[in-house]
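Enquirer: A structural model of the following input is requested.
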Amino acid sequence: MTAVTENMKKENRTKQRKLIEERLRQEELERLKAIEERDQFYGLQVDPEVEYYEEIAHREPGDTNWVGYGFDLHPQVTLVAGGLLLVFVAWTLLAGEQAASVFSSLLTGISTNFGWLYIAAANIFVIAMAFFAFSKYGKIRIGGPEAKPEFSNFAWYSMLISAGMGIGLMFWSVAEPIFHFSSPSPMFGVEAGGAEAAQAAFAVTYFHWGLHPWGIYALVSLGLAFFAYNRGLPLTIRSVFYPILGDRIYGWWGNIIDILSVIATLFGLATSLGFGVQQVSAGLNFLFGLPTETWFQVLLIVIITGFATMSVVAGLDGGVKKLSEWNIRIAGLLLLFVLILGPTVYILSSFFQNVGFYIQRLPQLALWTETYQVGDKWQAGWTVFYWGWWISWSPFVGMFIARVSKGRMIKEFIVGVMLLPTLLSFFWMSVFGGTAIFNEQTGVDISRAVNENVATAMFEMFQNLPLTGIISFVGIVLVVFFFVTSSDSGSLVVDHLTSGGKLDSPVPQRVFWAIMEGLLAAVLLLGGGLAALQTASIAAGLPFTIVLLIMIYSLRKGLHEELYHLDAHEIKEVIERTPIDVETLEGGLSATGD
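Expert: Residues are numbered from 1 along each chain as shown. Modelled structure (predicted):
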């Protein structure tokens, strides 16, 4: 009897396992079908299937817009943000050399007085994301319980990385480790040029390109995706604050939030585009002897912005998606070339050691504020700059990630956004930066060239590898592609913000914002180069840091509300699926005297 019972149990377990496997297979087929059959995207359109808040269900995105002459724009957001940017452009061009001095003083002032705020806020963002992922909120699906992803995992990760880090990884992957190797952070107290300096260099580099920036992106993108897909609100930053502001998001409070978002996004993008064009100029000089002066960099901005404009016209599927996938393929080949042609064993072994050291020192790195450092402040040009840069970029990257993330559970979403891009960034930095430091340790003076012109760092490293010319040309092409995808994605996002979340804004309007991004990058290069780019990011990111801190509270309220309704829905489904024996129920009630 016992043997028969055991066999029956085994058969039941086998049937259950097969049923589970079949269910998972069907879900995967449904995911693939949803991806293949969806309509083509031409912008950041989001048409939510729900109207959760009855009191604003009658509102439509862009219902107060000004329409005409090829534009469909939100008047207050566009005029105020555009006016402030034009005033900045005019002042920078008129001030000339004085602008560079002002940028330098502003950079020092913000870093000295508000550096602690950036440090604290970045840590709060990471902790908040870990809480949302691994708490009860992690089971919520973006778009509702039945939503399916609109992009494959490969396309999704490709767009995350291209939008989030593209140009920056190319520009700093050699320069930053070499800088920290030759001038270590005061936090470590080690001498330059030694083994301890190399380990410290990678710990700091990983810190600047790891969990903290991706935690910032995850916060903004989760807030936008949830309130757009689960609450039926427009895909704009103001929508995330509905639990706090209510329908006032359509008034001046909402306008201020979106104005700050537009300004932060444009300055963050201009910083990245400025870095990118400096690197393209340095590469063309290295290969063909072309000039590296500012006028030539401005010319390159004009040319590459033209390509970005064509990508804007092609739309999200025809432009950004395809270019992002090609970016990842070309970047993967370049990474493989450097890994194989460079000191392979050194790179791989140092990668694992560096990750371990980063994890060991992460608490100290995350909380260090350089309080007791006398004299020049090291942190102003590095950690504070990076946190300001990532925060100012977060509306752009966050909105773009939100747009392509429907159908993913919050836990899957946060882990996907924070973990895989972080590890890929670490490995990229280890391959390129590790090769450069290996060369430096074996007698090749790369640090001198990097200190003279940081934009030449990657090409100086390529000189010590076989097939230098081919690899350098591939590097230039990749930077241009990243430039185009960043400008393209950014113009779609800014256009979305300035049209009140309009689903299908006119192409001339998108072209206008693509040109504005290029103009702003050119003006910053003319007004002070690297210092101007760093100052723009830090200054634009400061007010938006406060916005993001409040966003955590608002998002938590929205998620808590969603969880309550999901639990009620699940209870209702259980009741509907469970048959009730009326006679037994009545007999039980009679026995108790009820």
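Enquirer: so what does the helix or strand harbouring residue 266 touch, helix or strand wise?
Expert: Here residue 266 sits within helix 252-288, counting by DSSP states H and E. Packed against helix 252-288 by the contact rule (3 or more C-beta pairs under 8 Å, 6 or more residues apart in numbering; DSSP states H and E) you find helix 75-95, helix 166-182, helix 294-315, helix 383-403, helix 457-462, helix 468-498, helix 507-577. C-betas here are computed from N, CA, C, even on glycine.
Enquirer: What are the buried residues along the fifth one?
Expert: For helix 457-462, the neighbour count (16 or more other C-beta atoms under 10 Å) marks 457-462 as buried.
Enquirer: ok, how many other residues are close to residue 374?
Expert: 6 (other C-beta atoms under 10 Å).
Enquirer: Please report the distance of it from residue 365.
Expert: In this view, residue 374 and residue 365 are 21 Å apart by C-beta to C-beta, to the nearest Å.
Enquirer: residues in contact with the closest residue to residue 214 other than its chain neighbours?
Expert: In this structure, residue 214 finds its nearest non-sequential neighbour in residue 418, 4.5 Å apart by C-beta to C-beta, 6 or more residues apart in numbering. By C-beta atoms under 8 Å, 6 or more residues apart in numbering, residue 418 lies in contact with 129, 211, 214-215, 218.
Enquirer: For the residues you listed, pick the one with the most neighbours.
Expert: Counting neighbours by other C-beta under 10 Å, the top entry in those is residue 218, with 30 neighbours.
Enquirer: Quick one: distance of stretch 355-374 to the chain centre.
Expert: Counting by C-alpha atoms, centre = their mean, to the nearest Å, stretch 355-374 is centred 23 Å from the centre of its parent chain.
Enquirer: got a list of contacts for that stretch?
Expert: With C-beta under 8 Å, 6+ apart, stretch 355-374 has contacts from 115-116, 119, 122-123, 126, 186-187, 199, 202-204, 206-207, 210, 212, 377-379, 426.
Enquirer: For ChimeraX, write a command that selects the buried ones of the residues you listed.
Expert: Selecting only the buried entries of the contacts of stretch 355-374 in ChimeraX, with 16+ other C-beta under 10 Å as the criterion:
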select :115,119,122,126,186,187,199,202,203,204,206,207,210,212,377,378,379,426
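Enquirer: If you average the pLDDT over stretch 471-478, what comes out?
Expert: Averaged across stretch 471-478, pLDDT comes to 88.
Enquirer: again, but for stretch 421-435
Expert: Mean per-residue pLDDT for stretch 421-435: 92.
Enquirer: May I ask which two of the contacts of residue 418 are separated the most?
Expert: The largest separation in those, counting by C-beta to C-beta, is between 211 and 218 at 9.6 Å.
Enquirer: On the C-terminal side of the helix or strand where residue 414 lies, identify the next helix or strand.
Expert: Of the helices and strands defined by DSSP H and E, residue 414 is found in helix 410-441. Sequence-wise, the next helix or strand downstream of helix 410-441 (DSSP H and E) is helix 446-452.
Enquirer: Report the distance from that next one to the chain centre.
Expert: Relative to its parent chain, helix 446-452 has a centroid offset of 29 Å by C-alpha atoms, centre = their mean.
Enquirer: Ok, stretch 521-538 next?
Expert: Worked out by C-alpha atoms, centre = their mean, stretch 521-538 lies 21 Å from the chain centre.
Enquirer: And stretch 538-556, by the same measure?
Expert: Distance, centroid of stretch 538-556 to centroid of chain: 15 Å (C-alpha atoms, centre = their mean).
Enquirer: And for stretch 464-471?
Expert: Relative to the chain's own centre, stretch 464-471 is displaced by 31 Å; criterion: C-alpha atoms, centre = their mean.
Enquirer: Over to stretch 193-213?
Expert: That offset, for stretch 193-213, works out to 20 Å (C-alpha atoms, centre = their mean).
Enquirer: Could you pull up the mean pLDDT of it?
Expert: For stretch 193-213, the mean pLDDT works out to 93.
Enquirer: Would you map the strands across the stretch 1-150 of the chain?
Expert: Using DSSP state E, counting those that start in this stretch, the strands of the stretch 1-150 of the chain run over 66-68, 71-73.
Enquirer: got TSV for those, with mean pLDDT and distance to residue 355 too?
Expert: Formatted as TSV, these follow (pLDDT from 0 to 100; distance: least, C-beta to C-beta, whole Å):
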stretch	mean pLDDT	distance to residue 355
strand 66-68	84	52
strand 71-73	85	46
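Enquirer: Pick the most deeply packed of those strands.
Expert: Compared across the strands of the stretch 1-150 of the chain, strand 71-73 shows the largest average neighbour count, a mean of 20 (mean count of other C-beta atoms under 10 Å).
Enquirer: Pull up the pairing partners for that one, direction included.
Expert: strand 66-68 (antiparallel) (DSSP bridges).
Enquirer: List the contacts of the strand it pairs with.
Expert: Against strand 66-68 from outside (C-beta under 8 Å, 6+ apart): 72-75.
Enquirer: Tabulate those residues (a markdown table), appending distance to residue 171.
Expert: Below are the contacts of strand 66-68 laid out as a markdown table (distance: C-beta to C-beta, whole Å):
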| residue | distance to residue 171 |
| --- | --- |
| 72 | 35 |
| 73 | 33 |
| 74 | 34 |
| 75 | 37 |
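Enquirer: Which of the residues you listed sits closest to residue 408?
Expert: Closest approach to residue 408 among these (C-beta to C-beta): residue 74, at 29.2 Å.
Enquirer: Distance of that closest one relative to residue 544?
Expert: Counting by C-beta to C-beta, the separation of residue 74 from residue 544 is 19 Å.
Enquirer: Tell me which residues of stretch 171-185 come out buried.
Expert: Within stretch 171-185, the residues that qualify as buried are 171-182, 184-185, counting by 16+ other C-beta under 10 Å.
Enquirer: okay, residue 248: pLDDT?
Expert: 88.
Enquirer: my read is it is in a helix, agree?
Expert: Yes - checked against DSSP: H, G, I helix; E, B strand; the rest coil, residue 248 lies within a helix.
Enquirer: how about the nearest residue to it, chain neighbours excluded?
Expert: Nearest to residue 248 is residue 254, by C-beta to C-beta, 6+ apart, at 6.8 Å.
Enquirer: ok, that neighbour - contacts?
Expert: So residue 254 contacts 236, 238, 241, 245, 248 (C-beta under 8 Å, 6+ apart).
Enquirer: Please check the residues you listed and keep the buried ones.
Expert: Buried members of the contacts of residue 254, counted by 16+ other C-beta under 10 Å: 236, 238, 241, 245.
Enquirer: Quick check: residue 292 is in a strand.
Expert: No - counting by three-state DSSP, residue 292 is not part of a strand but coil.
Enquirer: Give me the number of neighbouring residues for it.
Expert: If you count neighbours by other C-beta under 10 Å, residue 292 ends up with 16.
Enquirer: isn't it right up against residue 286?
Expert: No - counting by C-beta atoms under 8 Å, residue 292 stays clear of residue 286, with 9.5 Å between them.
Enquirer: Buried residues in stretch 373-388, which are they?
Expert: Neighbour count says stretch 373-388 has 377-388 buried, by 16+ other C-beta under 10 Å.
Enquirer: Spatially, which two of these are the most separated?
Expert: Farthest pair in the buried residues of stretch 373-388, by C-beta to C-beta: 378 and 388, 15.5 Å.
Enquirer: Could I get the contacting residues of the residue lying closest to residue 103 once chain neighbours are set aside?
Expert: Take residue 103 and drop its neighbours on the chain: the residue closest to it by C-beta to C-beta, 6+ apart is residue 535, 4.2 Å away. By C-beta under 8 Å, 6+ apart, residue 535 lies in contact with 103-104, 106-107, 110, 528.
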